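Visitor: 3D, please:
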Amino acid sequence: MRFANRLTNSSSYRLLNGGALIQFMQKSASKEEAVQWVLNDIGVKSENVMVFGDDFNDLGLFQMCGVPIAMENAIIELKNCEAHVTDSNDNDGVAVAIERFMGVINC
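Guide: Numbering: from 1, shown residues only. Model prediction:
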């Protein structure tokens, strides 16, 4: 029996990079739901949150949060979300963006 046939109706998966990478996710779970839960708990509004992403599972966060930052190696759909673009994962893009936005270095 193929592995894909063993998945239940409550989960989903995506084959990426020609099948070299598989992403599994519970259909009822999402990054944005988790982040919203934390924000509600600490009393922070989503428009005051910076998020980083590079793939389809980050689209909801980019639509929800006020400062979406796409990695240079991100899918075009994220870059098209009026997101800022930083260096790639391999070039410490998260650190570069934090330094820029927090005024640690002049850009």
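Visitor: any idea how far residue 76 is from residue 102?
Guide: With distances taken as C-beta to C-beta, to the nearest Å, residue 76 is found 27 Å from residue 102. C-beta coordinates here come from the backbone N, C-alpha and C atoms, glycine included.
Visitor: over to residue 81?
Guide: Residue 81 is 22 Å from residue 102, by C-beta to C-beta.
Visitor: now do residue 67
Guide: 11 Å.
Visitor: quick one, which of the two is more surrounded?
Guide: Remark: of residue 67 and residue 102, residue 67 carries more neighbours, 15 against 9, as counted by other C-beta atoms under 10 Å.
Visitor: which non-adjacent residue is nearest that one?
Guide: The shortest distance from residue 67 to any residue other than its chain neighbours is 4.0 Å, reached at residue 50 (C-beta to C-beta, 6 or more residues apart in numbering).
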